[in-house]
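[1] Please work out how this folds:
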Amino acid sequence: MLPSEQKAIIEGLLFISETPLKAERIAAVLEIERAEAQRLLYELVADYQSAVRGFVLAEVAEGFQFRSRPEHAEWYRRLGRQRTFRFSRAALETLAIVAYRQPVTRPEIEYLRGVDSGGVLKTLLDKRLVRILGKREIPGRPLLYGTTREFLEFFNLRDLTGLPTLKEFSEIAPETLADATGTMGEAGIAEAGGGNE
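    From the prediction side, this is the model:
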């Protein structure tokens, strides 16, 4: 099979997939080596970056997915088809603690925040941004929380190494954090819940 045909098939696979596809999965479908699938994917990423199109091929959540161009977000909002989550300060604080300290227990989160975080954790679990990883082997066996692939997709991260450093994160203005929003749908990703926190 010619590389151009392989790339066309990969485009189709990415188009029909609701979640990011890993190179391993694409290699298995095409019956080629993972390295070859990875090479073809990076060629497609470069093709879409250089073309003047309304979408790009992005590497997110340890896979690849078509995403709309962020610089066109204003026009996508005018269409009114995206889902917007508005995060409260409590939700952002809790999500940041989970992201940077995972695996982390609810008592640890509450110690750092200084308030009960059960309701916020439930909301983040419902939105599939946080998941239960297991139980800590200490008295009481508290649940351990960590982020999900949906978290990576939502924040357009390839993996957790893409998180800003704690110094960069702390430089974000508190009023910006209090009013932070994340927009889903513009990038054509699967809805990870809904409603407002």
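[2] Quick check: pLDDT value at R89.
    Note on R89: pLDDT of 88.
[3] beta partners of the closest residue to N156 other than its chain neighbours?
    Spatial nearest neighbour of N156, chain neighbours left out: V60 (5.8 Å); criterion: Cβ to Cβ, 6 or more residues apart in numbering. For every residue, glycine as well, the C-beta is placed using N, CA and C. Listed beta-bridge partners, V60: G63 (assigned using DSSP bridges).
[4] For V60, give me its contacts.
    Contacts for V60 (Cβ atoms under 8 Å, 6 or more residues apart in numbering) come out as P20, R67, L152, E153, N156, L157, R158.
[5] again, only using 6 Å
    By Cβ atoms under 6 Å, 6 or more residues apart in numbering, V60 lies in contact with P20, E153, N156.
[6] Quickly find the element holding the last one.
    So that's N156. Under the criterion DSSP states H and E, no helix or strand holds N156.
[7] again with K167
    Going by DSSP H and E, K167 is in helix 166-170.
[8] what does the domain assignment say about this structure?
    As assigned by the TED database, the chain contains the domains 3-70, 89-172.
[9] give me the number of residues near A8?
    Neighbour count for A8, taken as other Cβ atoms under 10 Å: 13.
[10] oh, I was asking about P103
    Using other Cβ under 10 Å, the number of residues around P103 comes to 15.
[11] Where does the residue lying closest to it once chain neighbours are set aside sit: helix, strand or coil?
    Among residues not flanking P103 along the chain, L144 sits closest, at 3.9 Å (Cβ to Cβ, 6+ apart). Recorded secondary structure, L144: strand (DSSP: H, G, I helix; E, B strand; the rest coil).
[12] Please tell me how far L144 sits from G134.
    When distance is defined by Cβ to Cβ, to the nearest Å, L144 is 5 Å away from G134.
[13] So if I had to pick from these two, which one is more boxed in?
    The neighbour comparison of L144 against G134 (other Cβ under 10 Å) goes to L144, with 19 against 11.
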